[in-house]
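Trainee: Can you look at this prediction? I've put the sequence above it.
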Amino acid sequence: MTPFTTLTSIAVPLIRDNIDTDAIIPSREMKTVGKTGLADGLFAGWRYTEVGGRAPEPGFVLNDPAYAGAAILLGGANFGCGSSREHAAWALAEYGFRAVIAPSFNPIFRGNCVRNGIVPVELDAGAFADAPQPLTIDLSAQTIADADGKLAAFAIDAEAKAMLVGGLDAIDLTMRRAPRIAAFREADAVRRPWAYP
Amino acid sequence: MGKTIFEKIWDGHLVEDLGAGTGLVLIDRVLLHERTGGVALESLVAAGRTVASPGQVFATMDHVVDTLPGRTDRTIMPTGTAFITATRAAARAAGITLFDLGDPRQGIVHVISPEQAIVLPGLTLVCPDSHTCSQGALGALAWGIGSSEAEHALATTTLRVKRPKTMRITIDGTLAPGVTPKDLALHLLARFGSSGAKGHVVEYAGAAVRALDVEGRLTLCNMATEFAAFSAIVAPDDTVFAYLEGRPYAPKGAMWAQAVAEWRMLASDADAAFDTEHRVDAADVVPMVTWGTSPQQAVPLGRVVPAFADLFGRDTAEAHARALDYMGLVEGETLVGAPIDAAFIGSCTNARLSDLRRAAAILKGRHVAAGVRAICVPGSGAVKAAAEAEGLDRIFLDAGFEWREPGCSMCFFAGGESFGAQERVITSTNRNFESRQGPGTRSHLASPETVAASAIAGRIAAPASLEQVA
């Protein structure tokens, strides 16, 4: 995973509450078993004029040329609710998003973002829609600056930050603890044999 | 200070404290289905890794498979077959148990896991599926994850978990006759909002919860993800032990006695402290239906679509207006009486035997209204067989319902079958999101009883009102 240090980009406002993962990537757009080929299906229900089609819906913000190339998405509360499908994070990342700013996130979706190099920034996104663009996100400092240099601080849990900043693979990190896990399981299997069918 | 159930399970599974509120947590069960599980298994192998403990991993086919009689690997969903064949091949290669098409144990993952006693009290269980929280009904710590986390659990038998906060919702008293666990779940969502349990493990407690059977508890816990919860849990009790005893993967003999003795300790201590506590009077809960496009947009069945001004800022004005527009409703309109195009009974929320029995009791001797498409999809092969053994299939079929093979089916539109645009569907499922059940489809969530009564009436109807409309 590419380490995340700083990101400077304009931000696309899609500030609706309860944007669910069915909206981010409709089930019908999850056509293959793999993790790729999903960017075209991102927000397909809103982005195109008809189901299954690819003619852009002119009123949808991602189709506004002013936001072409944006890597920051602004969302509403409870962003990423619904299905646990990681395809939502894969589609956002493949499209080019590296950060989502929203007042709150669904916990599974937030974890999926972190595993795929997308920074979930828990702040009221409304203020950033009107701020001078582009925005600069500094993950190490946990700040967002607008084009005038006005700063806002955000919180992120230490594990998520370390993963993103280091571009770390969580499985690799945990594999280093394999002996400790094996010892724990061995003792546990005596205490709770029914857990080990 | 005493401990909550969650804390007891967490502490018992904590391999290592990773600092800053994150723990390395032992995972006892990983469940997979063909849509998000196949990709996890394939990706694991592509990275040169293996499933560390195949005996603790189970897979099923539920999301993509057809539910029409005579189904095969071919699917109405255009590329669905690839999900089925890839998952089958990956499961075989990894040596994990697969409940494949044609296996009588096949079904919706959160229906079959309790049936087979794969989930047990005190276990940690994960699945790349948001409704995994359902299984907290048996006193397990069960939660939904992404595919990458599933790979992590498969490869290491652990997950790195940010410790959730704790919430207890105590439901005092008794649910009135005709008020179901689904109504309770919708009541809580309407009352506390779709972010109401954000970041918490919700323990459902109180007399009304104790009185629920395991299937009812599964329905209640199922919709914790709609509540933005990490998961939900109910303290395991004799109801749970009686349900599990003798099931295929339950411990047997002396080990059963040892396990039950351990499980009896899994109650929150009297002096345990929760980060958040709510109390609800069961007498305040009535049959519910959703009017909008978020599960929190639910009202008592007899009420009108609420005005924005009456919602105390739960939604933004824009979200409220958008939901009304999508659903083709106006503020102040009565939901009871709204004509429906379809009725659906199924899903991990409400497709167990007790759900089908209660719906059948309403359908018996009646027929679905002209022009209404009605579908029943049992949650598992075991549910279907048990229902057929007692003749429920005949009641559904005679009433004009389709009687399907088990699977998730039309709870969501995967590119295959769907309901039509602007069609109004009354459904026993868990999500009323825009286009969830078909592009432009308008979904109203309700209990199986309300779905059955509405199918008969041809419009949204309370089960209690059926005598007047028959």
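Mentor: All right, it came through fine. This structure is a prediction, so every number in the text was calculated from the model and none was measured. Numbering: from 1, shown residues only, chains lettered A, B, ... in the order given.
Trainee: Residue ranges in chain B under the pLDDT threshold?
Mentor: For chain B, the stretches with pLDDT under 70 are B:312-313, B:467-470.
Trainee: redo that, cut-off 50
Mentor: B:468-470 (pLDDT under 50).
Trainee: Most remote residue from the middle of it, which is it?
Mentor: In chain B, counting by Cα atoms, centre = their mean, B:Gly48 sits farthest out from the average C-alpha position, at 34.0 Å.
Trainee: Which of the helices or strands spans it?
Mentor: Using DSSP states H and E, B:Gly48 is not contained in any helix or strand.
Trainee: what about it, distance to A:Ile171?
Mentor: 11 Å (Cβ to Cβ, to the nearest Å). The C-beta positions use only the backbone N, C-alpha and C, and glycine is treated the same way.
Trainee: quick one on the thing from earlier: got the phi and psi for the residue farthest from the centre of chain B?
Mentor: The phi/psi pair for B:Gly48 (degrees, to the nearest 10) reads phi 80, psi 20.
Trainee: same deal with B:Ser354?
Mentor: phi -70, psi -30.
Trainee: how about it, what does it touch?
Mentor: Contact analysis of B:Ser354 by Cβ atoms under 8 Å, 6 or more residues apart in numbering or on different chains lists B:Asp213, B:Glu215, B:Gly216.
Trainee: Report the closest residue of the stretch 251-400 of chain B relative to chain A.
Mentor: Chain A sits closest to B:Pro251 of the stretch 251-400 of chain B, with a gap of 3.8 Å, by Cβ to the nearest Cβ.
Trainee: Once you drop chain neighbours, what's closest to that residue?
Mentor: A:Trp194 (3.8 Å; Cβ to Cβ, 6 or more residues apart in numbering or on different chains).
Trainee: Apart from its chain neighbours, what residue comes closest to the residue sitting nearest the centre point of chain A?
Mentor: Centroid-nearest residue in chain A: A:Cys113, 3.3 Å away (criterion: Cα atoms, centre = their mean). Spatial nearest neighbour of A:Cys113, excluding adjacent residues (Cβ to Cβ, 6+ apart): A:Pro120 at 4.7 Å.
Trainee: For chain A, which segments count as helices?
Mentor: Here chain A has its helices, by DSSP state H, at A:21-24, A:44-47, A:87-95, A:107-115, A:126-129, A:158-166, A:170-175, A:178-191.
Trainee: Next up, phi/psi of B:Thr72, please.
Mentor: Torsion angles, degrees, to the nearest 10, at B:Thr72: phi -140, psi -160.
Trainee: what about it, distance to chain A?
Mentor: Per Cβ to the nearest Cβ, to the nearest Å, B:Thr72 is found 18 Å from chain A.
Trainee: for B:Ser53, same thing?
Mentor: Distance from B:Ser53 to chain A, by Cβ to the nearest Cβ: 8 Å.
Trainee: Tell me, how many residues neighbour the residue nearest to that residue when sequence neighbours are not counted?
Mentor: Leaving aside its sequence neighbours, B:Ser53 sits nearest to B:Thr157 (Cβ to Cβ, 6+ apart; 5.3 Å). Neighbours of B:Thr157 under the rule other Cβ atoms under 10 Å in any protein chain shown: 23.
Trainee: Now do the contacts for B:Thr157.
Mentor: Residues in contact with B:Thr157 (Cβ under 8 Å, 6+ apart) are A:Ile181, A:Arg185, B:Leu26, B:Ile27, B:Ala52, B:Ser53, B:Gln56.
Trainee: switch the cut-off to 7 Å
Mentor: By Cβ atoms under 7 Å, 6 or more residues apart in numbering or on different chains, the residues touching B:Thr157 are A:Ile181, A:Arg185, B:Leu26, B:Ile27, B:Ala52, B:Ser53.
Trainee: quick one on the thing from earlier: looking at the contacts of B:Ser354, state which has the most neighbours.
Mentor: The most crowded member of the contacts of B:Ser354, judged by other Cβ under 10 Å, is B:Gly216 (22 neighbours).
Trainee: close enough to count as contact, it and B:Lys182?
Mentor: No. At 9.0 Å, B:Gly216 and B:Lys182 do not qualify as touching, with contact defined as Cβ atoms under 7 Å.
Trainee: can you list the domains in chain B?
Mentor: Here the domain parsing of chain B from automatic domain parsing is B:5-263, B:288-469.
Trainee: Got phi/psi on B:Leu141?
Mentor: phi -100, psi 100.
Trainee: And for the one 3 residues further on?
Mentor: Geometry field for B:Gly144 lists phi and psi as phi -80, psi 140, criterion degrees, to the nearest 10.
Trainee: Quick check, it in contact with B:Cys133.
Mentor: Yes. With contact defined as Cβ under 7 Å, B:Gly144 counts as touching B:Cys133 (6.5 Å).
Trainee: list the residues that contact both of the two?
Mentor: Shared contacts of B:Gly144 and B:Cys133, defined by Cβ under 7 Å, 6+ apart, comprise B:Thr225.
Trainee: picking that back up, okay, among the contacts of B:Thr157, which ones form the most distant pair?
Mentor: Greatest spacing in the contacts of B:Thr157, by Cβ to Cβ: B:Leu26 and B:Ala52 (11.5 Å).
Trainee: Any idea what A:Ala11 is bridged to?
Mentor: A:Ile72 (DSSP bridges).
Trainee: and it, what is it in contact with?
Mentor: Each residue near A:Ala11 by Cβ under 7 Å, 6+ apart is listed here: A:Ala70, A:Ile72, A:Leu74, A:Ile101, A:Phe128, A:Gln133, A:Leu135.
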